[in-house]
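# Need coordinates for the following:
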Amino acid sequence: MRVLGVDPGLTRCGLGVVDGLPGRDVRMVAVGVARSDPAHEVDQRLLAISLQLEEWLDEHAPDTVAVERVFAQHNVSTVMGTAQVAGLAMLAAARRRIPVALHTPSEVKAAVTGNGRADKPQVQVMVQRLLALDELPRPADAADALALAICHLWRPAGALGAPQRAPGSMTPAQRAWAAAEQAARGARA
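Sure, this is the predicted structure:
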């Protein structure tokens, strides 16, 4: 199963694609950050992030999108931007009939570090170890996106690899594309 993890943010939106392999092994496919310019108006910033999310979905064809669940913060403007970007990710996935899962920050931290209160450096170190990366994934938003994808893969529904799309929900072209992507992934493994 391939999961796109999204750590939503209006200035930096972490993106990480991870493949789940047999035996709870995981492999990083791609990691990055979608960015928007804080000097621009919010609508233009959301458009910039949206276009980058669309590119990642098209390029990596994930089976599921895992998004960090937005939680209440004291800074209302920060939580608003985060929630808006989370909505963009969910909408882009829904347009492609890709299921979306929401995970809380503490759930993600507990999944990758064993501690729901782990700090960002601990998450980065564990993501580096779990994915056998040569260096820490940076920035922290990118590491968080990878951690989201790993968390989703290790949850019971993700680990079992249950069907993620109803058989009749895709067009013939979408089914052919999904089959080709799956075959290509199998050949690379």
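# Could you report the distance from Met80 to Ala110?
27 Å (C-beta to C-beta, to the nearest Å). No exception for glycine: its C-beta is placed from N, CA and C like everyone else's.
# right, I mislabeled it, should have said Val33
Shown here: Val33 relative to Ala110, a distance of 24 Å by C-beta to C-beta.
# higher neighbour count, those two?
Using other C-beta atoms under 10 Å, the more surrounded residue of Val33 and Ala110 is Val33, with 19 against 15.
# So that one is in contact with Ala142, correct?
Yes - between Val33 and Ala142 there is a contact under C-beta atoms under 8 Å: 5.5 Å.
# what sits in contact with each of the two?
Shared contacts of Val33 and Ala142, defined by C-beta atoms under 8 Å, 6 or more residues apart in numbering, comprise Gly14, Leu15.
# Which parts of this structure are strands?
Secondary structure of the chain, counting by DSSP state E: strands at 2-7, 12-20, 26-35, 64-68, 100-103.
# Report the distance from the first one to the chain centre.
Centroid separation for strand 2-7 versus its chain: 1 Å, with C-alpha atoms, centre = their mean, to the nearest Å.
# what helices or strands is that strand leaning on?
On a contact count with 3 or more C-beta pairs under 8 Å, 6 or more residues apart in numbering; DSSP states H and E, strand 2-7 meets strand 12-20, helix 42-60, strand 64-68, helix 76-95, helix 140-154.
# Would you single out the least confident of the ones you listed?
The minimum mean pLDDT among the helices and strands packed on strand 2-7 belongs to helix 76-95 (a mean of 93).
# name the helices or strands packed onto that one?
strand 2-7, helix 42-60, strand 64-68, strand 100-103.
# One more pass at 6 Å, please.
The contact analysis (3 or more C-beta pairs under 6 Å, 6 or more residues apart in numbering; DSSP states H and E) places helix 76-95 against helix 42-60, strand 64-68.
# Tell me which of these is the most buried.
strand 64-68 (a mean of 26; mean count of other C-beta atoms under 10 Å).
# Could you export the helices and strands packed on strand 2-7 as TSV, including distance to Leu102?
Converted to TSV, the helices and strands packed on strand 2-7 look like this (distance: least, C-beta to C-beta, whole Å):
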stretch	distance to Leu102
strand 12-20	15
helix 42-60	16
strand 64-68	6
helix 76-95	8
helix 140-154	10
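# I appreciate the help and will end here.
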